[in-house]
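1. 3D model of this:
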Amino acid sequence: MAEFFIGQVMPTGFSFAPKGFALCNGQLLPISQNQALFALLGVQYGGNGTTNFMLPDLRGRTPIGYGGNNYPIGTVAGNENVTLTPQTLPTHNHVGNATTTAGTVRNPANGLYGAVASEALYGAASGPQVVLNAGTLSTTGNSQPHQNMQPYNVINFCIALTGFFPSRN
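-> Just a heads-up that it's a prediction; the model follows:
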């Protein structure tokens, strides 16, 4: 097998990091024992930069290609769970429907409000408007987060600790 570049990240189906690699699990490494890798990564993934630096942490994360202002290298973002808020829902209405059919049964067809047999209760608005009883249209939901994950298959990501030092050009 060809030798890797120091700092090259490799996906594997192994449950371990092969010799010369470390798992991309955000661990701190001492600079004194990993000077070449530190020269390439610096503290873009964390660490204090004087005695240690951090490897990328790809546990439970999707790697995204570096590029532009939206994705600076080393950025960590996103959530596995999301709670929807009124501000993030699409604009919509909760309509109260009614019918002019006589309301003579406990469960009218289609679940619509019925009219009194002698008088149509619902029609064109005329005269003063009355506030609808708060219990007529109920709220729903309980503000719990839901999973927001695409289908996935778990693999390990490893980073080369040894190998060729890559030239910049």
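2. neighbours of residue 54, how many?
-> Number of residues near residue 54 (other C-beta atoms under 10 Å) recorded here: 18. (Glycine included, C-beta is placed from N, CA and C.)
3. now residue 17
-> Residue 17 has 19 nearby residues by other C-beta under 10 Å.
4. SS state for residue 32?
-> Three-state call for residue 32 (DSSP: H, G, I helix; E, B strand; the rest coil): helix.
5. look up how far residue 20 lies from the closest residue to it other than its chain neighbours.
-> Excluding the flanking residues, the one nearest residue 32 by C-beta to C-beta, 6 or more residues apart in numbering is residue 51, at 7.6 Å. Distance of residue 51 to residue 20, given as C-beta to C-beta, to the nearest Å: 23 Å.
6. give me the more crowded residue out of those two.
-> residue 20 (13 against 10).
7. need the pLDDT of the nearest residue to the more buried one once chain neighbours are set aside.
-> Nearest residue to residue 20 in three dimensions, chain neighbours excluded: residue 162, at 4.4 Å (C-beta to C-beta, 6+ apart). You'll see residue 162 listed with a pLDDT of 96.
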